[in-house]
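[1] Next one to model:
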Amino acid sequence: MVEGLPGSGKSTTAHGIATWLAGQQVPVEHWAEGRVDHPVDFEQVAVLGTDQLVVMAAELAQESPGTEQLLLGAAERLGDVWVVRHQLHAALPAAVVDRLRAHDAYDGDVKADVHAHVLTESWRRFGREFPGTESAPVQVWECVLVQNPVCALVARADQSVDVLARHVAGLVEAVRDHAPALVYLDTGDPRAALERAAAERPVEWLDSVIDYHTSQGLGLRCGYVGFDGYVEFMRRRREMELEVLEVLDLPTLVVPVGDVRWDQHTAAIRAFVAEHLGVAGDPSRPGAHQVA
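    Numbering: from 1, shown residues only. As a prediction, this is how the structure comes out:
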C-alpha cells in the first residue's frame, strides 16, 4: 500500500512498484486511486441502512414501477448495511443514481461510525476471499489505508486521531493473512508539494479540495480558509498520519520525499518491497522502471 499527502507522488510510486514487479516476473495488480471496482474501497458507492434501502425501494415502486427491482438487484450486503456500486450498474436510471449520490460513502449523508463499519467489513471480506497462495497476484493499492479514512473521519466528521488509528489498525488486521506492507511518502512541510500539485492540476480540482477541507469537519472547527487553510489542514493531517504510523503494527517504509532525491528513494522503495515479498534480483538494476 502507498500513502502520503497530495503531491507526494503516490500514484507515480504505486504505478512504478507495479511495473517494476511485473518486470521481475511477479504477478501483480495495481488498483489506482478512484477506481469504482476497487476490491476494498468505495469510490462512487452509496451506503444505506436497511431502513433507508427499503424506503427508497418503496418510493421508486410508487414513482416508476420496476426500478425498485433494479435498485435491490444492485444492492449488496456488508455487515449491517448495504452498498450500491451504481457506476457498475448501467441499467440504473439517472433518477435512481441521483438519489444514491445523497448516500455516497465519502460525500453523502453517511455517519462516521457507519462509514467505518462498512469499510472494515469490505476489508474483512477481501481478507477472507482473496486467495492466500503463492500464485495470487501482489496487490498494489494507493490512498485506501490512510488517506481515504482521513477524508471520511477527519475532514468530514472531525474525529480524533485515536479514532482514526483504531480504524486503520482494524483495516490492517482484516488483511493480516495477506502480509500487508506500507510505503509512506513524507513530504515534510506540505506547502511546497501542495503548490506544485495546484500548479499541475485544474483550477476546479483546487477549488474542490479547498472547499472539502475547510467547509466541514476539522477545517470548519479550526476556521481554516482558502489555500492557506488547506495547507494548515494538511499540516495537521501529516501530524495525525505519522502518529498513526507510530502505533500501527505493519511493516512500513517512511520515505522523506521532500528532498526530491528520487533515485535514492526509488532504490530504497524497491529494496523494501523486494525484501517484504522475497523477490530475488537487484532492485537497482539498469533499465528498471523509475517510481518517480
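
[2] make it CA atoms for all contacts and neighbour counts henceforth
    Will do.

[3] neighbours around residue 156, how many?
    By other Cα atoms under 10 Å, 23 other residues sit near residue 156.

[4] Ignore what I typed, I meant residue 58.
    Quick note: residue 58 (other Cα under 10 Å) scores 14 neighbours.

[5] Quick check: nearest residue in space to it, chain neighbours excluded?
    Closest residue to residue 58 apart from its sequence neighbours, by Cα to Cα, 6 or more residues apart in numbering: residue 68 at 7.1 Å.

[6] who's in contact with the one you found?
    56, 57, 58, 60, 61 (Cα atoms under 8 Å, 6 or more residues apart in numbering).

[7] Quick one: the helices in the stretch 51-200 of the chain, in order.
    Using DSSP state H, counting those that start in this stretch, the helices assigned to the stretch 51-200 of the chain run over residues 67-74, 94-101, 112-129, 147-150, 161-174, 191-200.

[8] now the second one: mean pLDDT?
    Taken as a whole, helix 94-101 has an average pLDDT of 94.

[9] so where's the stretch 101-250 of the chain uncertain?
    133-134 (pLDDT under 70).

[10] Apply 80 and report the result again.
    132-135 (pLDDT under 80).

[11] which residue packs closest to residue 66, ignoring adjacent ones?
    Using Cα to Cα, 6+ apart, the closest residue to residue 66 is residue 60 (7.9 Å).

[12] How much space separates residue 60 from residue 92?
    12 Å (Cα to Cα, to the nearest Å).

[13] Sorry, wrong one. I was asking about residue 169.
    Taking Cα to Cα, one finds residue 169 at 36 Å from residue 92.

[14] So which residues of the chain form strands?
    Per DSSP state E, the chain carries strands over the ranges 2-4, 28-31, 46-49, 75-78, 81-84, 138-141, 182-186, 252-256.

[15] Dump the ones you listed to JSON lines, plus distance to residue 203 and mean neighbour count.
    Output for the strands of the chain, formatted as JSON lines (distance: least, Cα to Cα, whole Å; neighbours: other Cα atoms under 10 Å):
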{"stretch": "strand 2-4", "distance to residue 203": "22", "mean neighbour count": "26"}
{"stretch": "strand 28-31", "distance to residue 203": "26", "mean neighbour count": "18"}
{"stretch": "strand 46-49", "distance to residue 203": "27", "mean neighbour count": "25"}
{"stretch": "strand 75-78", "distance to residue 203": "35", "mean neighbour count": "16"}
{"stretch": "strand 81-84", "distance to residue 203": "31", "mean neighbour count": "22"}
{"stretch": "strand 138-141", "distance to residue 203": "27", "mean neighbour count": "20"}
{"stretch": "strand 182-186", "distance to residue 203": "25", "mean neighbour count": "22"}
{"stretch": "strand 252-256", "distance to residue 203": "28", "mean neighbour count": "17"}
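
[16] Those strands: which one's closest to residue 108?
    strand 46-49 (8.0 Å; Cα to Cα).

[17] picking that back up, which one of the strands of the chain lies nearest to residue 207?
    Closest among the strands of the chain, once you apply Cα to Cα, is strand 2-4, at 20.5 Å.

[18] Report all helices and strands that that closest one contacts.
    Counting contacts by 3 or more Cα pairs under 8 Å, 6 or more residues apart in numbering; DSSP states H and E, strand 2-4 packs against helix 10-23, strand 182-186.

[19] burial of residue 162, as a residue count?
    Residues near residue 162, counting by other Cα under 10 Å: 12.
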